[in-house]
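Q: next input, structure requested:
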Amino acid sequence: MTYPHTRQIGAAHRLELHLRTRGEAAAAKVHQPGRRVRRWVVERTGSWLNRYRRLLVRWEKKAANYKGMLGLASACITFQQAGLFGLALR
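A: Residues are numbered from 1 along each chain as shown. Below you'll find the predicted structure:
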């Protein structure tokens, strides 16, 4: 199965697509030297937010409380990544 239309859209927007056809092994992809393998931003952010149990298991009944905790967790993650408290996770 190929994705010609999807590949055309990706090329038009200068995106690097990670599409494999059926039967193509994941190990067959040649790694280019000097380029790190990175996780998608959404996957990485979701993983970081899952470290906060209060967000992983939703205890709050009110949406405003959950939204506040989400904002607090996002602020903590931002400060950690910025290295403002000496806790950079790189």
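
Q: CA atoms for contacts and neighbours, from now on please.
A: Fine.

Q: for this protein, give me the ranges with low pLDDT.
A: For the chain, the stretches with pLDDT under 70 are 1-2, 20-32, 35-39, 84-90.

Q: chain center to the longest helix along it: distance?
A: The residue-count maximum for a helix in the chain (DSSP state H) belongs to helix 63-82. Offset of helix 63-82 from its chain centre (CA atoms, centre = their mean, to the nearest Å): 16 Å.

Q: do stretch 50-57 as well
A: Here stretch 50-57 is found 16 Å from its chain centre; the criterion is CA atoms, centre = their mean.

Q: so which bits of it are buried?
A: In terms of neighbour count (16 or more other CA atoms under 10 Å), stretch 50-57 has its buried residues at residue 55.

Q: likewise stretch 43-52?
A: Using 16+ other CA under 10 Å as the test for burial, stretch 43-52 gives residue 49.

Q: CA atoms only: put that stretch into CSV for me.
A: The C-alpha coordinates for stretch 43-52 follow below in CSV (Å, rounded to 0.1, in the frame of the first residue of the first chain):
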residue,chain,number,x,y,z
GLU,A,43,4.1,12.0,22.1
ARG,A,44,6.8,13.6,24.1
THR,A,45,4.5,16.2,25.8
GLY,A,46,1.9,13.5,26.5
SER,A,47,4.5,11.4,28.1
TRP,A,48,5.7,14.3,30.3
LEU,A,49,2.1,15.1,31.4
ASN,A,50,1.5,11.4,32.3
ARG,A,51,4.2,11.8,35.0
TYR,A,52,1.6,13.8,36.9
